[in-house]
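K.L.:
give me coordinates for this.
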Amino acid sequence: MNIARERALAVSVHDVSPWTCQRVKLILRDLAAEGIGVTSLLVVPDHHHRGRVEEDTEFLDWLQQLQSAGHEVVLHGFFHVRDRGSGGSWWQRMVTEHYTAGEGEFYDIDYEEAYRRLEQGRKILVDAGLKIPGFIAPAWLLGSEAERAARDLGFAYTTRLRGVLALQTGEWTASQSLVYSVRSFWRRTVSLGWNAWLASRLQSNAMVRIGLHPPDWDHEKIRRQSLDLAKAAAVERSVIRYRDWVGA
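P.N.:
Numbers count the residues shown, from 1 in each chain. Okay, here's the model as predicted:
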């Protein structure tokens, strides 16, 4: 399947887990009210080591209902946090500990460990009756070894901040995701201005991407702008899942 390749909108909701599901429900409700009926849901199997999703049957039942309604479930790391004491260069530490608040789980992980976590994470979700065509690393930080593991495991695609990669064919679609940083007032202020500008720049793109996180909904200006941008894009674009774009 190769749909909506001319004008598409993909909205992803990141960090979906039992820990965040109440806010995710609000995000999905508000998106649906603006005409965004399907999304890519990025699920973390053991979010910050707070509990494995297979132990929460209510959460898994909810995911199954969302998948049946047209949403896509995507594997999003395993723990969504980089191992403490991983070391690395000063640049690696800056990216994984400061830029992403320690959440670059798959940034510099080795092949064997990446393969193990990807295989285990997918099995947990597949065993719950979910289809998992894609893998997206936390904070879009996917190292070369982890990318190779995802490809070897047969994942159809991954995404990075600046685009979508079909893992089995190597096809790259350039499309920088709109995304918000809400950890401080200055980050929220910059995000609002940046995303307004970026949305105008991307109007001619074949694909527009909006990435939402549960904490975004704690800030009304962020919530309102993201919904307005999604609604405006959906007027002239097909609303798709990432799997639709790559034909998975």
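K.L.:
could you list which residues are in contact with residue 59?
P.N.:
Neighbouring residues of residue 59 by Cβ atoms under 8 Å, 6 or more residues apart in numbering: 17-18, 21, 53. The way it works is simple: take the backbone N, C-alpha and C, and place the C-beta from them, glycine included.
K.L.:
okay, and which of the residues you listed map to helices?
P.N.:
residue 21 (DSSP state H).
K.L.:
so of the contacts of residue 59, which ones are in strands?
P.N.:
Using DSSP state E, no member of the contacts of residue 59 falls in strands.
K.L.:
tell me which two in the contacts of residue 59 are the farthest apart.
P.N.:
21 and 53 (10.0 Å; Cβ to Cβ).
K.L.:
buried ones among the contacts of residue 59?
P.N.:
17-18, 21, 53 (16 or more other Cβ atoms under 10 Å).
K.L.:
how about the residues you listed in TSV, adding pLDDT and distance to residue 116?
P.N.:
Formatted as TSV, those follow (pLDDT from 0 to 100; distance: Cβ to Cβ, whole Å):
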residue	pLDDT	distance to residue 116
17	97	20
18	96	23
21	96	26
53	95	17
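K.L.:
adding distance to residue 79, write those out as a markdown table.
P.N.:
Listed next are the buried ones among the contacts of residue 59 as a markdown table, based on distance: Cβ to Cβ, whole Å:
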| residue | distance to residue 79 |
| --- | --- |
| 17 | 10 |
| 18 | 14 |
| 21 | 17 |
| 53 | 12 |
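K.L.:
pick the one among the residues you listed closest to residue 228.
P.N.:
Closest to residue 228, out of all of the buried ones among the contacts of residue 59 and judged by Cβ to Cβ, is residue 21, at 24.6 Å.
K.L.:
surely that closest one meets residue 62?
P.N.:
Yes: if you go by Cβ atoms under 8 Å, residue 21 and residue 62 touch, sitting 6.7 Å apart.
K.L.:
common neighbours of these two, please.
P.N.:
By Cβ under 8 Å, 6+ apart, no residue touches both residue 21 and residue 62.
K.L.:
sorry, back to before: quick one: which of the contacts of residue 59 is nearest residue 123?
P.N.:
Taking these together and measuring to residue 123 by Cβ to Cβ, the closest member is residue 53, at 11.8 Å.
K.L.:
assign residue 42 to helix, strand or coil.
P.N.:
strand (DSSP: H, G, I helix; E, B strand; the rest coil).
K.L.:
an error on my part: the question was meant for residue 12.
P.N.:
strand.
K.L.:
what's the answer for residue 209, then?
P.N.:
strand.
K.L.:
pretty sure it is touching residue 177, no?
P.N.:
Yes: counting by Cβ under 8 Å, residue 209 touches residue 177, with 4.1 Å between them.
K.L.:
so those two - more neighbours on which side?
P.N.:
residue 209 (26 against 23; other Cβ atoms under 10 Å).
K.L.:
how much space between the more buried one and residue 241?
P.N.:
Computed as Cβ to Cβ, to the nearest Å, the residue 209 to residue 241 distance reads 12 Å.
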